[in-house]
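Visitor: Build me a model from this:
(chains A and B)
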Amino acid sequence: MRLATWNVNSLAVRLPQVLDWLATQAPDVLVLQETKLVDEKFPHAAFADAGWQSRCFGQKTYNGVALISRQPAEAVVNNIPGFADEQARVIAGTVAGLRVIGAYFPNGQAPDSEKFVYKMRWQDALREWVRAELSTHAQLLLMGDFNVAPEDRDVYDPVAWAGQIHCTPEERAQFQGLLALGLHDAFRLFEQPPKSWSWWDYRNLAFRKNQGLRIDHILVSEALRSQVRACSIDKLPRKNERPSDHAPVIVELA
DNA sequence: ATGTCACCTGGTAGGTGA
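Guide: Below is the predicted model of the structure:
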């Protein structure tokens, strides 16, 4: 099994790249973030024509998530049950016996902002829901754009970024809180090249200078840990014309 | 470097979010 996550920063713009990438990488599951499409405009037909099932949960202008899979997804859930939210950030489904949660964590804007408060509340709710999901789904993956660089080695300039959004102690503690549920950062189960990032700012020639952060993650449950064969970031789509600012992350399960 | 991209409203630009 091969599963992946990708923040596409507008599926309307990136659809051809997503279809190309699906054809090349042939994952079993791909979760998307920042589709920025209302459900009425979701390109289900384009995915179906290429042989993919698609489920979406979107809104106008911002956010929006989707679950693309070869096999149909069952027991699909939109957003965090019991957590009232205007923003479309979560889609979960069971595919081939795996519980897959695709999530677009709030950005948080700045540590002293209202959006940061929301980011913390949202993650409190997510964590408690994932805890409950784990009690009924031992084989679970939580994947998406977490908007946190878990450690200094996930940041190109940790001194400059210290205390900044994506790197605050509060956000890193939230990430540890997810690991404390018994989840494992699939990327760190393996030796990885130094300076591995999943996001590069569009500004400042950041990609060319490899100035990025690792903020897109795949967490796997304890029951899946021994089945993880590889985890990697695919930088190639970031070299496309009109790329997303994020690269896909892929995990291989036995 | 001051360096971008996508979307909206409302307009041949400015504001917002990332």
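
Visitor: hey, let's count contacts and neighbours off CA atoms from now on
Guide: Noted.

Visitor: need the contact list for the closest residue to A:Thr61 other than its chain neighbours.
Guide: In space, and not counting its chain neighbours, A:Thr61 is closest to A:Lys36: 5.0 Å by C-alpha to C-alpha, 6 or more residues apart in numbering. A:Lys36 makes contacts with A:9-12, A:58-64, as judged by C-alpha atoms under 8 Å, 6 or more residues apart in numbering.

Visitor: Now rank those by neighbours and give me the top one.
Guide: Using other C-alpha atoms under 10 Å as the neighbour criterion, A:Gly64 leads the contacts of A:Lys36 with 29 neighbours.

Visitor: That one reaches A:Gly58, doesn't it?
Guide: Yes: with contact defined as C-alpha atoms under 8 Å, A:Gly64 and A:Gly58 form a contacting pair (3.9 Å).

Visitor: anything in contact with each of the two?
Guide: Common neighbours of A:Gly64 and A:Gly58 (C-alpha under 8 Å, 6+ apart) are A:35-38, A:88.

Visitor: from memory A:Leu224 sits against A:Leu134, does it?
Guide: No: between A:Leu224 and A:Leu134 there is no contact under C-alpha under 8 Å: 11.7 Å.

Visitor: Overlap in contacts, the two.
Guide: A:Leu140.

Visitor: A:Tyr118 sits in which helix or strand?
Guide: Counting by DSSP states H and E, the element that carries A:Tyr118 is helix A:114-136.

Visitor: Could you export that helix as PDB, keeping only the C-alpha atoms?
Guide: Only the C-alpha atoms of helix A:114-136 are listed here, as PDB (Å, rounded to 0.1, in the frame of the first residue of the first chain):
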ATOM      1  CA  GLU A 114      -6.800  34.900  17.500                       C
ATOM      2  CA  LYS A 115      -6.000  32.500  14.700                       C
ATOM      3  CA  PHE A 116      -3.300  30.900  16.900                       C
ATOM      4  CA  VAL A 117      -5.900  30.400  19.700                       C
ATOM      5  CA  TYR A 118      -8.100  28.700  17.100                       C
ATOM      6  CA  LYS A 119      -5.200  26.600  16.000                       C
ATOM      7  CA  MET A 120      -4.700  25.300  19.500                       C
ATOM      8  CA  ARG A 121      -8.400  24.700  20.100                       C
ATOM      9  CA  TRP A 122      -8.700  22.900  16.800                       C
ATOM     10  CA  GLN A 123      -5.800  20.600  17.600                       C
ATOM     11  CA  ASP A 124      -7.200  19.900  21.100                       C
ATOM     12  CA  ALA A 125     -10.400  18.700  19.400                       C
ATOM     13  CA  LEU A 126      -8.500  16.800  16.700                       C
ATOM     14  CA  ARG A 127      -6.400  14.900  19.200                       C
ATOM     15  CA  GLU A 128      -9.300  13.800  21.300                       C
ATOM     16  CA  TRP A 129     -11.200  12.600  18.200                       C
ATOM     17  CA  VAL A 130      -8.100  10.800  16.900                       C
ATOM     18  CA  ARG A 131      -7.800   9.100  20.300                       C
ATOM     19  CA  ALA A 132     -11.400   7.900  20.000                       C
ATOM     20  CA  GLU A 133     -10.800   6.800  16.400                       C
ATOM     21  CA  LEU A 134      -7.800   4.700  17.500                       C
ATOM     22  CA  SER A 135      -9.900   2.800  20.000                       C
ATOM     23  CA  THR A 136     -12.000   1.400  17.100                       C
END
